[in-house]
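S.K.: Just to be clear, the model below is a prediction. Sequence and coordinates:
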Amino acid sequence: MTGRTGIRRAGGRETVRAARGYRARADSAPKTVPGRIAMALFMVFIGVLFSGLGTGGAVDLADGLKYSTRMSGTPGLLTTETCETTGTGKQRHTDCYGVFRADDHRLVDRFASIGGSYRAGTVLPVQRDAGGHCHLVGVAPTAGRLAGICACVVALVAGLTALCGAFSTVMPRLGGRIGAALWSPGAARMLGGLLKACGIAFALFGVTGVIGWLAMP
């Protein structure tokens, strides 16, 4: 009984400290109404930006995994013939076109495309989707996408944290209570473990992807 009571008291003290710490951060917000509004708008902007980038990037990268791991599409080889660069500024990108031949020899697409710049005559192992666009397969693209997903998860967490901070800035007392619940010892350990795992996975997949890309033609 004494041991259980001690554990409950220790947990209670940790929760109280978490609540006090979160309220202290909330109380450090600007005291004036215009200051709070400006800070809240800035944090909302940051939160929406990071949350959007994290969510959109993770969905797009996860969708590409089904091709790089050969779970979807038609497997085959693409022999590049020409490359074309279009767009300007951030919209500038290069696509290469060539002949795709399926591994089962049932499909030949002489107008297949793939993103990126390759020398004419380069033969690439790819997966062709229903639209005639090809996706690289193998360790390099798969590891690169997994590393990107890890970075997107961190961006999403940062965005959600900024949104919570914006709410606390506008309504410090209620925000402090909600923050104390969200940042309880158990939730904090879980979130810390998630971010640590993402950091380690990002480093491992990143190094693997770089090595794989350097080995590609």
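M.R.: Everything's here; your move.
S.K.: What average pLDDT does the lengthiest helix in the chain get?
M.R.: When the chain is parsed with DSSP state H, its longest helix is helix 33-68. Averaging pLDDT along helix 33-68 yields 87.
S.K.: That helix packs against which elements?
M.R.: Where contact means 3 or more C-beta pairs under 8 Å, 6 or more residues apart in numbering; DSSP states H and E, helix 33-68 is packed against strand 133-136, helix 139-170. The C-beta positions use only the backbone N, C-alpha and C, and glycine is treated the same way.
S.K.: Distance from the chain centre to stretch 95-105, please.
M.R.: Using C-alpha atoms, centre = their mean, to the nearest Å, the mean C-alpha position of stretch 95-105 is found 30 Å from that of the whole chain.
S.K.: And for stretch 32-50?
M.R.: With C-alpha atoms, centre = their mean, you get 23 Å for stretch 32-50.
S.K.: Name the residue closest to the centre of the protein, please.
M.R.: Cys152 (1.5 Å; C-alpha atoms, centre = their mean).
S.K.: contacting residues for that one?
M.R.: Shown in contact with Cys152 (C-beta atoms under 8 Å, 6 or more residues apart in numbering): Leu53, Gly54, Thr55, Gly57, Ala58, Leu61.
S.K.: what about the residue lying closest to the first one once chain neighbours are set aside, how many neighbours?
M.R.: Right, Leu53. The shortest distance from Leu53 to any non-neighbouring residue, by C-beta to C-beta, 6 or more residues apart in numbering, is to Ala155 (5.5 Å). By other C-beta atoms under 10 Å, the residues close to Ala155 number 19.
S.K.: wait, Ala155 sits on Phe50?
M.R.: Yes. Between Ala155 and Phe50 a contact is recorded at 4.8 Å, counting by C-beta atoms under 8 Å.
S.K.: Give the intersection of the neighbour lists for these two.
M.R.: With C-beta under 8 Å, 6+ apart as the test, Ala155 and Phe50 reach no residue in common.
S.K.: re earlier: show the buried residues in the contacts of Cys152.
M.R.: Leu53, Gly54, Gly57, Ala58, Leu61 (16 or more other C-beta atoms under 10 Å).
S.K.: Would you agree the second one is in contact with Cys150?
M.R.: It stands for Gly54. No. Gly54 lies out of contact with Cys150 (C-beta under 8 Å); the separation is 10.6 Å.
S.K.: got the angle for the longest strand that the chain contains vs helix 33-68?
M.R.: The residue-count maximum for a strand in the chain (DSSP state E) belongs to strand 74-86. Strand 74-86 and helix 33-68 are oriented at 130 degrees to each other (axes from the mean of the first three to the mean of the last three C-alpha atoms, to 10 degrees).
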